[in-house]
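In: sharing a sequence plus its predicted fold:
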Amino acid sequence: MKLKYILPVLFIALFATSCSTDDTDEIDSVTNEVEGLTIVEELTNDTHTIELYNTSGRFYTGYNTISLRIKDNASNTYVENATINWMPVMQMPTMQHSCPKTNPTKTIGKDTVYKGNIIYQMTNEDGSGWTLTVNYAIDEVDYSVSEEITVSQSDKQNVASFTGSDSKRYVVAMVKPNDPNIGNNELVVGLYQMENMMSFPIVENFALKLDPRMPGMGNHSSPNNTNLTYNSADNLYHANLSLTMSGYWVLNLQLLDSEGLLLKGEQVTTDNIQSSLYLELEF
Amino acid sequence: MKKYIIYILILLFSALTYAQETDVTIEKDTTQLQEVILIGQRKLSKYRQEKTLSSIDDYLEKSNKITMIKRGNYAWEPTMNNMTSERLNVTIDGMQIFGACTDKMDPITSYVDVSNLEKVSIGSGQEGTENGHSIGGGIDLRLPRSKYYDNGFKTSADLGYETNGNYRTAGLDVAYSGNKFYMNADGIYRKSDNYDAGNNKEVLYSQFEKYNLSFQAGYKLSDNHSMDANLIYDKATDVGYPALPMDVSLAEALITSLTHTYKNDSTFIKSWESKLYFNTVTHIMDDSKRPDVPIRMDMPGWSDTYGFYSKVGLEEKNHRLLFNLNGFYNRSIAEMTMYPNDPNESVMFMYTWPDIRTLYSGLFVKDAITISDKETLNVSTRLGFHNNTIGDQVGLESLQIFYPELTDSKNRFLKSFATDYQFKTKSYDASFGVGYGERAPSVSEGYGFFLFNSFDNYDYIGNPTLNNEKSLEANIKTNYYQNRFKIGVEASYFYIMDYIIGEIDPTLSAMTIGANGVRIYKALSNASIFDVYINSSYDFTEKLSLNATVGYNYGSGSNGENLPLIKPFSYVAEVAYYTTKFNAALQLEGNGNQSRYSSFYGEDNTAEYAVLNLNLGNIIHWNSNRIIFKYGIENILDAEYSTYADWNNIPRQGRNFYMNVSYVF
C-alpha cells in the first residue's frame, strides 16, 4: 500500500515539467471582423445601419472604446471608405453638454471596422439622457444618424470631472488597466479640459501624482508607483501602478499643470485619508 | 528579590561542584522501557525524564544548546546556538519536511510526537549537516529501528493529567515483533484548555487539541536486506496562539517513507540505507475566535515535499566513512484572504508564499579517522545544488513590484566543511573543531510577501537577491573528571557573513493594520554569535547526585546592534535521587536579566526569573507487567514570569501538578 502511494508521487516529482500549450486555432479574419466583440447599439437611418460594438455589450460611464461598422441597407454590405465623426450629447433639465471623445478611424488591418472612443462622465440613474449623433461621408456624400443610447453607471468611479484652482473644468478618465493584476500594472489615464459645453480638448504636458490606497485595509499604499506623465504618441498619461493584492483600491490623484502648480487634489495623510480627486479600482 | 539572590548563591556554589549530562543525543523519553533494554541503551537517562508523556518540545528543551521559542502552549520553535528555524536543519529520520505556516506557527517538531520517535540526534553547527545545510546545526528526529526480536505482541497504555490547563493525554502503543516481520502502531491524543500563568491569571487562546497516529512495519527479505515502511499522521485543531493575533483551526501532516536497508558486518560496505519519502502539510490560520480584530482574514498554507536519500557506511582500517546522497523537491504555497468590514467591497487576496518550488540535491561525506586509542579526527563535507522557482505567475508579478528584474528561477551552490579533533583519557577529554558552512535563504526570507511579524510589529518582504549566508565557526569542549566530580566547558563561536535579517524600509507602507512599517530581508555584512556553558556534577553517593549548568550567550551584528533572541545568562541546578524503583529530583532553573536585549529588532528587556520544579517517579513490577508513575509539581512557587524566548512576553505556566501513568504488558 505504501509503495503504491509513494512511487507515483515520486515519479511525478521527478518527471513533472511544465508544458506550454500552443493555441493553433485559426482566426477567421475574412468573414468576421468583429469577432470577440458584442453589439451595443444599432443606429438606423434610411440608407445605413450603424453598428456599435465593444467587449461588454453595454456602454458604461467612463472611458469606452467603441468599434463601429456601417452597413448599407440596400446591398447588405459594409462600407469601407467612410469618414466619420460623432457627437454624444447629454440632455440635462436646463441645458445640454457633450463629453470627451475621439472620432472613429479605420482600424489598422481591418476593412470594415472603425474605432474611436467616448468618455461618458455621467448618466441618469436609469441609463437615459445620452443621444449619439454619427455624421459620416461616403464618396463625398454626407449622411447623419441620431438616436438615444443607454449608458449605465459604472460601479466604481473611473471618471471624474472637476474644477481646478485655475477655475477651468477638467475631466480625467481611466483607460487602463481593464483587467488589473496583482503586481505591476500600466495605468493609462485621459485628461481633458471642458472648454465649453460641447468641446473637450486633450490637455497636454500636465502631470498627475498617484497614490493608490486600500481603505479596507488600514488605507495602506503600495511601493514603486510612478506619477502619470503625458505621452504624445497616444495623447494619454501613463504610470506604473503596483497593486499588492486584489480588492478595492482608491487611486488618489493630484493634478499639476505644466508649471507644476497644483490644480486639484490633496496629499493623503493620516488625517486626510482620501484626495478630493481620485479614481477607483476593484478586482 | 532576596529569594533569587539566595538561589543564585546556591547555584554558583553548586555550579562549581556539579554538572549536567551534555550528550548530544537525547534518548527517547518513553514508557517503552522494554525496548531500551533490548537495544542496550542507557536506561538511566530515560528513567530520569520527568514525564513519560512530555511533548517533543519539552523533550528537546532538555538539551543545553536548544531553547524553545513559545508563541503559545503548543508548537514551540526550536532554536539552537541562538539561531531559529531558517538557520537550522530539522529533519525526521533524514527526511526533509517544511512547515506550511508563514509565521512559523508550525515548526516541524509539532508534527511528530515522542511516541513516533526513538531518539533525537542533535549536531551543533556544521556537525549537523548530514541531512542538509545549516548554520546553527541540525536536529534529526529519529524513527525507531527495525525490531526483529521474535517476542510477539507488546502493548503499552499511557494516561496523563495536568492540573494547569486541565491538560489530558492518552496514548496506546501496540507492537508485534517476529523473526522476519514486525509492526508497530501507536496513537496519542492531547487536549488542553487555557493554561494559567502565575497567580492564577488565565492566558486566553492558549488551548490546543491534537492527535497523532503512526504505523510502522518491516519485513526482512534476507539476512542482510530488509524493507521498512513508516506512516505518521498528525492533526491538531483549535490551537490558540496567545502571542499572535491569529489562531490555527487546522495543522495537519502526513509523513510517509519506504526504506531499504542492507547490513553486513563482514563486507567492505557495512551498511547501505536508502529511503524514498513524501510528506504533505496543511496549515490553516484563522481569527474566527478573536472577538476584536481590525479585519477578518484567513491564511492557509501548504507544503509538500518529495525526497530520497541513500547512505552508505564503509570501514577500512582506521577509517570509518559515511556517504549520504540526498535530494528533495518542496512546494510551498501560502495565501491570505482579507474580508473588508464593508460587505460591498470585494475580498482582498494575495499570495504570501507565491508557490515556491525548492529543488535540492547534495552529497555528504564524512570520515572518522582513529589516530590512536585516545585520538580521533573527523572530517566532513556537504556539497549541494539548490534551486528556487516561483511557480505562480501572479506570485512572480507580485514580487516584481519590489524586484522588477526578477526572473522565476534562481540557482545556488552550497558548501559545507567541518573538522574536529578529539582527545580522550580517563581523567579528561577535549575536542576542538572548526567549520565553514553556507545556507540558502528560507522561503520567507527569499520570497515572503507582506508577512506580518508580531514580535517587532513589522511586515516583512522577502528578497530573492540575497546572497548565501556563510558561517565560520569554532568550538571547543572539554571535560575533567575526578572521582565523583566532573566539570566541563563547552563553547561555540560563529562568525556569520551576509547575515540575513530584516531592515526597515521607511519608504514602504505597511499592509497590516497597526503595523509599524515594512522590513525587507537584507544582509548584515557580518554577525557574531558566541555561547559558553559550564557543566558540573557531583555524586554524593551512588543514589544522590547534584548537577548544575550555567550558560552565557552573546550575539551582535556588524551594525553594532544586539541580535534578537539571544539567551541571557542562564542556570539550572538539580538534586537528584535515584534507585531502580524510585526517583526524585528537585530542580531550580532560571535566567538572569536580559540586559543585552535588541530594541532595534523589536525586543524589550525581559526580567530575571527563577522557577523550582519537583519530579518523582515509581516503577511497580507486577508479574511480567509493569506500571510506571511519573508525577510532580512544576513552578512550585507559582512564579509569574516570561522568558526572553516568549513571543511578545506571554507569561509561562504557573504552578502545575502533573501525573502520568504507563502500563506495559
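Out: Arrived safely, thanks for sending.
In: out of the helices and strands in chain B, which is least certain?
Out: helix B:33-39 (a mean of 24; mean pLDDT, DSSP states H and E).
In: how about the residues of the stretch 101-250 of chain A by chain B?
Out: Proximity of the stretch 101-250 of chain A to chain B is confined to A:181-184, A:214, A:216-218, A:220-224, A:242, A:244-248 under the rule CB under 8 Å from any CB of the partner chain. Yep, even glycine has a C-beta here, placed from its N, CA and C like the rest.
In: show the contacting residues for the closest residue to chain B within the stretch 51-200 of chain A.
Out: Among the residues of the stretch 51-200 of chain A, residue A:183 lies closest to chain B, at 2.8 Å counting by CB to the nearest CB. By CB atoms under 8 Å, 6 or more residues apart in numbering or on different chains, the residues touching residue A:183 are A:242, A:243, B:394, B:396, B:397, B:398, B:400, B:401.
In: how does it look with 7 Å?
Out: A:242, A:243, B:397, B:398, B:400, B:401 (CB atoms under 7 Å, 6 or more residues apart in numbering or on different chains).
In: tell me the two of those that are most distant?
Out: In the contacts of residue A:183, two members sit farther apart than any others by CB to CB. They are A:243 and B:400, at 11.7 Å.
In: so between the two, which is more surrounded?
Out: Taking other CB atoms under 10 Å in any protein chain shown, residue A:243 and residue B:400 do not tie; residue A:243 has more neighbours (26 against 18).
In: list the contacts of the more buried one.
Out: Neighbouring residues of residue A:243 by CB under 7 Å, 6+ apart: A:180, A:182, A:183, A:185, A:222, A:249.
In: how close does the fourth one get to residue A:251?
Out: This means residue A:185. 11 Å (CB to CB, to the nearest Å).
In: between these two, which is the more surrounded one?
Out: Ranked by neighbour count (other CB under 10 Å), residue A:185 and residue A:251 place residue A:251 first, with 25 against 22.
In: how close does that one get to residue A:186?
Out: For residue A:251, the distance to residue A:186 - CB to CB - is 13 Å.
In: mind giving me the domain split of chain A?
Out: As given by automatic domain parsing, the domain ranges for chain A are A:38-152, A:159-282.
In: could those domains be laid out in CSV, adding mean pLDDT?
Out: Output for those, formatted as CSV (pLDDT from 0 to 100):
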stretch, mean pLDDT
domain A:38-152, 93
domain A:159-282, 95
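In: got the residue ranges for the strands in the stretch 301-450 of chain B?
Out: In the stretch 301-450 of chain B, the strands defined using DSSP state E, counting those that start in this stretch lie at B:319-339, B:348-370, B:375-390, B:409-424, B:428-439.
In: wait, which of those is closest to chain A?
Out: strand B:348-370 (3.2 Å).
In: show me which positions of the closest one end up buried.
Out: Residues B:348-362, B:364, B:366-368 are the ones in strand B:348-370 that count as buried (16 or more other CB atoms under 10 Å in any protein chain shown).
In: for the stretch 101-250 of chain B, which residues score under the pLDDT cut-off?
Out: Within the stretch 101-250 of chain B, not a single segment meets pLDDT under 70.
In: one more: chain B?
Out: B:1-50, B:52-53.
In: and it, which residues reach chain A?
Out: Within chain B, the positions near chain A by CB under 7 Å from any CB of the partner chain are B:229, B:231, B:256, B:258, B:276, B:278, B:295, B:306, B:329, B:338, B:340-342, B:345-350, B:394, B:397-398, B:400-402, B:404, B:450, B:507-511, B:513.
In: from those, which would you call buried?
Out: B:229, B:231, B:256, B:258, B:276, B:278, B:306, B:329, B:338, B:340, B:345, B:347-350, B:394, B:397-398, B:400-402, B:450, B:508-511, B:513.
In: quick check: chain neighbours aside, which residue is closest to the residue in the stretch 351-500 of chain B that chain A sits nearest to?
Out: Nearest residue of the stretch 351-500 of chain B to chain A, counting by CB to the nearest CB: residue B:397, 2.8 Å away. In space, and not counting its chain neighbours, residue B:397 is closest to residue A:183: 2.8 Å by CB to CB, 6 or more residues apart in numbering or on different chains.
In: nearest spatial neighbour of residue B:506, skipping sequence neighbours?
Out: residue B:517 (6.7 Å).
In: then residue B:272?
Out: residue B:262 (4.2 Å).
In: got the contact list for that neighbour?
Out: With the criterion set at CB under 7 Å, 6+ apart, residue B:262 makes contact with B:224, B:225, B:271, B:272.
In: derive a ChimeraX selection command for the buried subset of those residues.
Out: Burial among the contacts of residue B:262 is assessed by 16+ other CB under 10 Å; the matching ChimeraX selection reads:
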select /B:271,272
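In: hang on, residue A:160 packs against residue A:170?
Out: No: contact criterion CB atoms under 7 Å: residue A:160 and residue A:170 do not qualify, at 8.5 Å.
In: need the residue closest to the centroid of chain B.
Out: By CA atoms, centre = their mean, chain B has its centre lying nearest to residue B:78, at 3.7 Å.
In: do you know how far it is from residue B:86?
Out: Distance of residue B:78 to residue B:86, computed by CB to CB: 12 Å.
In: ok, residue B:640 next?
Out: Distance, residue B:640 to residue B:86, using CB to CB: 32 Å.
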